[in-house]
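*Asks:* Give me the fold of what follows.
(2 chains)
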Number of protein chains: 2
Amino acid sequence: MTGMLTIAGLGPGDEALVTPEVSAAIADATDIVGYAPYVARVAARGGLVAHASDNRQESQRATEAIRLAAEGRRVVVVSSGDPGVFAMAAAVFEALEGSPQWHGLAIRVLPGVTAMLAAAARVGAPLGHDFCAINLSDNLKPWSTIEKRLRLAAEADFAIALYNPRSASRPEGFARALEILKEAGCGARIMIFAHAVTTPNERIEALPLRDARPEMADMRTLVIVGNSTTRRIGRWIYAPRRAS
Amino acid sequence: MTGMLTIAGLGPGDEALVTPEVSAAIADATDIVGYAPYVARVAARGGLVAHASDNRQESQRATEAIRLAAEGRRVVVVSSGDPGVFAMAAAVFEALEGSPQWHGLAIRVLPGVTAMLAAAARVGAPLGHDFCAINLSDNLKPWSTIEKRLRLAAEADFAIALYNPRSASRPEGFARALEILKEAGCGARIMIFAHAVTTPNERIEALPLRDARPEMADMRTLVIVGNSTTRRIGRWIYAPRRAS
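*Replies:* You can find the predicted model right below:
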């Protein structure tokens, strides 16, 4: 058996958003590696070994997946959303970089529907004009870098998708992000909180940024801040294609 | 028959990247509306009416789709990639805004794999850290806005995905964008040209931005400019998760 390492995105939660390419890779796999709630999304079957791990264990998980593939297994590393957006793909390449003996390994990355696209679709088209995506977790980058990017994104008048806005271990960052965006003149912008989007627990709120409260977000929330022209029409929110 | 307007993303080209949700919507449709090359991706069948139109006719196409759905048809507007990213969803909501008699229409937006995610997956994980997406077409926004966003994106050290980089009718903009990014100190950054990604005509090039030539891009090219830490490891390109 020739080993293969596939890094696949399961989409935001709804199985109807898993691409056929990813479903085929899973059907052909011998091993599934990932954060436990994502591994749990893959149906058990004879001959398929599940390797579930905790959150914040990306590096160990990546190394384990590489090692299994190097042994000849057909390994699928599963991420929520798209594996290349604040997910496992970068962690795998980091692990690979430190391990030259594995540089010849067969690897492929299979894209998926990332959370901001699913959240945007639910409310209309708030990412229909230029936008950016910022991971608010400061586990791996200084908070000052996040602050700088928020200020520049506001100045550029990007719509802003915020991933991992708030967790129990870092409750303050998102409150600070709201303050920064208010200081940057974004108080009147429409802010969207999309919780557990496309799952049975989906809950979506939209309100002016100045009225948003930090506790509206948790780690299962994808936040979108509209740009200065984003508007509502009935229940829909969208960014017009024209800009001045 | 109750009318329904569905705005769906077909993904970047490979049929294995069309979500089951979108396939089901197409199977249930009475009418397909879209730019001719995207309508051509939907298999013909009895009872399905295809309404293909030219590029740059987004507003007329949106109005036609709304009108058909208001008459009771099950209409699917097809976009390449994700319908909310520089595609038809915003055009439909613009048309809806101008037509209050249609505000009660049943509408849904179905997300898809947008080109930058597919391009990123092909080369590794260049969008694994904070990033932005900019539409380089100045049909609907002034070029000065594009320039400002490019400069701020460089200052923020975002990876930058450039959609619609260059067309026959606007050959100069992309050359100017390259100059701006060089002036902003991005000459050493890795630049990726992903042409017709996931199709039989796929062609991918990667090189330092300072060596890029404008004619490397056309309207079927998705361009990604790495951030300052993006690096190569063998044939792969990725943005490390850590930043300073």
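*Asks:* Please count neighbours and contacts with C-alpha atoms only from this point.
*Replies:* Fine.
*Asks:* Provide the count of other residues in contact range of the closest residue to chain B within chain A.
*Replies:* Proximity to chain B, evaluated over chain A using C-alpha to the nearest C-alpha, is greatest for A:Cys132 at 3.8 Å. Other residues near A:Cys132 come to 27 when the count uses other C-alpha atoms under 10 Å in any protein chain shown.
*Asks:* surely it meets A:Ala153?
*Replies:* Yes - counting by C-alpha atoms under 8 Å, A:Ala153 is a contact partner of A:Cys132 at 7.2 Å.
*Asks:* Find the residues that touch each one of those two.
*Replies:* Residues touching both A:Cys132 and A:Ala153 (C-alpha atoms under 8 Å, 6 or more residues apart in numbering or on different chains): A:159-160.
*Asks:* May I ask which helix or strand encompasses the residue of chain A closest to chain B?
*Replies:* In this assignment (DSSP states H and E), A:Cys132 forms part of strand A:131-135.
*Asks:* Export that strand to CSV, keeping only CA atoms.
*Replies:* The C-alpha trace of strand A:131-135 is given here as CSV (Å, rounded to 0.1, in the frame of the first residue of the first chain):
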residue,chain,number,x,y,z
PHE,A,131,-13.0,41.7,2.5
CYS,A,132,-10.5,40.2,4.9
ALA,A,133,-10.4,37.3,7.4
ILE,A,134,-8.6,37.6,10.7
ASN,A,135,-8.1,34.9,13.3
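*Asks:* What pairs with it, parallel or antiparallel?
*Replies:* strand A:159-163 (parallel), strand B:131-135 (antiparallel) (DSSP bridges).
*Asks:* Indicate which one of the ones you listed is closest to A:Ser137.
*Replies:* Evaluated over these, closeness to A:Ser137 peaks at strand A:159-163, with 7.9 Å, by C-alpha to C-alpha.
*Asks:* Just checking the distance from the helix or strand just after that closest one to the centre of its chain.
*Replies:* Moving toward the C-terminus from strand A:159-163, the next helix or strand (DSSP H and E) is helix A:172-183. Between the centre of helix A:172-183 and the centre of its chain there are 20 Å (C-alpha atoms, centre = their mean, to the nearest Å).
*Asks:* swap in stretch A:144-164?
*Replies:* The answer for stretch A:144-164 is 16 Å, by C-alpha atoms, centre = their mean.
*Asks:* cool, stretch A:163-174 as well?
*Replies:* Distance of stretch A:163-174 from the chain centroid (C-alpha atoms, centre = their mean) equals 14 Å.
*Asks:* Could you work out the end-to-end span of it for me?
*Replies:* 11 Å (C-alpha to C-alpha, to the nearest Å).
*Asks:* Which residues does that stretch contact?
*Replies:* Identification of contacts with stretch A:163-174 by C-alpha under 8 Å, 6+ apart yields A:86, A:133-137, A:143, A:214, A:217-223.
*Asks:* among these, which ones are buried?
*Replies:* Buried members of the contacts of stretch A:163-174, counted by 16 or more other C-alpha atoms under 10 Å in any protein chain shown: A:86, A:133-137, A:143, A:214, A:217-218, A:220-223.
*Asks:* What average pLDDT does stretch A:132-151 get?
*Replies:* Averaging pLDDT along stretch A:132-151 yields 95.
*Asks:* ok, back up a step: next, format the buried ones among the contacts of stretch A:163-174 as JSON lines and append secondary structure.
*Replies:* Shown next, in JSON lines, are the buried ones among the contacts of stretch A:163-174 (DSSP: H, G, I helix; E, B strand; the rest coil):
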{"residue": "A:Phe86", "secondary structure": "coil"}
{"residue": "A:Ala133", "secondary structure": "strand"}
{"residue": "A:Ile134", "secondary structure": "strand"}
{"residue": "A:Asn135", "secondary structure": "strand"}
{"residue": "A:Leu136", "secondary structure": "coil"}
{"residue": "A:Ser137", "secondary structure": "coil"}
{"residue": "A:Trp143", "secondary structure": "helix"}
{"residue": "A:Pro214", "secondary structure": "helix"}
{"residue": "A:Ala217", "secondary structure": "coil"}
{"residue": "A:Asp218", "secondary structure": "coil"}
{"residue": "A:Arg220", "secondary structure": "coil"}
{"residue": "A:Thr221", "secondary structure": "strand"}
{"residue": "A:Leu222", "secondary structure": "strand"}
{"residue": "A:Val223", "secondary structure": "strand"}
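*Asks:* With that, I have no additional questions.
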